Each structure stands twice: as structure tokens, then as C-alpha cells.
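> this is the structure alone, sequence omitted:
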């Protein structure tokens, strides 16, 4: 019941690998890590959710804050490799309309 | 009266225990025969309710506990989450429930506004009582056929 966060930087891109659960306990740490990564204009923040096996509205709240921060700094955010369960939450809340979600980042999963 | 088993647990009103409650409901729902998808729905719904209670206790600077009750029936699971902390602003929680609409500006998006909406979307019934503290009552029925809704020619009566 924890969340591991691993950040790498590569040509105007921050790639953030998350592994674990995003809930009330772990979401603050996630927010504190992601927000500073939005500050560079033109940068893309790519968040890989492949290893996230649980998320609730606290996670949605974090991504809303980060999205707002990217708009202010003229950077951008993309979420990749979402599990079906996690994607469902973005879908039913309608947030998939405003948050950039890329389902095919690594090609076809088997 | 309809027969049921009842399990009650109390956890400190702290964020690190939300995951413990989630594991508990996962075990209970699994024993009852809920599908994987339903168990995941239950985990999110109960986490939202417990998170609300914990956040409220934190904001009020109270060291309280959250009581969770599980009513295990043949056909359904009833979950009760009680926060005995007093001053809870129900209208604030109910304010602006609903999914994001295309015409809203991003600046107005509520970062914490989806908890109650998700409970309602993922459970069959949600009631909130606000007398002394807040009690959330949620019900989810077992899909008796045990087949996913996207299979052809399967209809369920709920």
C-alpha cells in the first residue's frame, strides 16, 4: 500500500514511472513530486501508470492540479499505459476529455 | 428479519489506514462472491467514504476514529462508514457533485470534488446521514449470474 515514484529527464521530457497505489495516503507525495516538474515551458510530463493497480478520487485531484500547473507554465502532461480500472475513473468523471491520455504509447499490449 | 452477518472495525482517522479498510472490503467481497470488477468498485467507494471522514477529522484537528460496518447479506453488501467528529459540512460535500462537463473551464475544476460522485457511480445505493457526525450507507448487490455485463444476451435484474 505504497507508491514508488521514479523520475527521469530526457530531451524536454520528464518521464515519471509510478508503481503501487494512489490514495489519500500516497497522493500528497505524488503531487509534491509532479508539481515542480511542470515549471519548464515547453516540457512534457509523461506519467506512466502501468504499475498503478489502484487509484481513487485523490489521484484524480492530483492530476487536475498538475494539469492546471502545466497550463500556467505552458508545459504539458500526458498519461500513458493506464490499466482498465484506472481509465474507468477518468472516463466516468469525464476527465478523459481534458486530460491527455495516450493508450498506445508502447504499441499493442498482448 | 432477513439474516445477515455483521463485521465492525474501527481505524484511527489517519490516511495510512484507508488502505487497510480497502484490503478488508476486498476480502469480505471476495468471500461473498462478488466479481473482480465489483470488488474494485467497492474498494474505491469505501476509500472515498473513509478518506472524507479522515480529511474532515484532520481539518478539524481532531484525533478520532472512523467506524466501518459491513452488513453481509445473501444478495448484497451494505457498508456503513461513520465519522463521529461533529461539525461536518454536508452541503459542502454535496456541492457540485457530478462529472466534468465540456463547457467548464479547467480553472474551476474541483480537485476534491469527485469522491461522492464516484461513490454514487460505483455503488447501487448511497445514503448520507448527518446527525451526530456523518454516516455514509452504501449498498452493492451481487451480480447473481456472475457474468460480465458486456457479454451478449445476459440481462440482470437488480
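Cool, the structure landed. Worth saying up front: this structure is predicted, and the values here are computed from it rather than measured.
> which strands and helices sit next to whichever strand or helix holds residue A:16?
If you go by DSSP states H and E, residue A:16 is part of strand A:13-22. Judged by 3 or more CB pairs under 8 Å, 6 or more residues apart in numbering or on different chains; DSSP states H and E, strand A:13-22 is in contact with strand A:3-9, helix A:27-34, strand A:44-55, helix A:57-73. (Glycine included, C-beta is placed from N, CA and C.)
> quick one: mean pLDDT for it?
Across strand A:13-22, pLDDT averages out at 98.
> same thing with stretch B:134-141?
Here the average pLDDT along stretch B:134-141 is 92.
> give me the beta-bridge partners of the residue nearest the centre of chain A?
Central residue of chain A (CA atoms, centre = their mean): residue A:47, 4.1 Å from the mean position. Beta-bridge partners for residue A:47, by DSSP bridges, are residue A:16, residue A:79.
> from what I can see it touches residue A:77, true?
Yes: Residue A:47 sits in contact with residue A:77 when judged by CB atoms under 8 Å, with a separation of 6.8 Å.
> mind listing what the nearest residue to residue B:70 once chain neighbours are set aside touches?
Spatial nearest neighbour of residue B:70, excluding adjacent residues (CB to CB, 6 or more residues apart in numbering or on different chains): residue B:7 at 4.4 Å. Residue B:7 makes contact with B:28, B:69, B:70, B:72, according to CB atoms under 8 Å, 6 or more residues apart in numbering or on different chains.
> and the pLDDT for the first one?
Going back to what we said before, that points to residue B:28. 98.
> which residues does residue 74 contact?
With no chain named, the answer covers chain A. A:41, A:42 are the contacts of residue A:74 under CB under 8 Å, 6+ apart.
> nope, chain B please
Counting by CB under 8 Å, 6+ apart, residue B:74 has contacts B:2, B:3, B:4.
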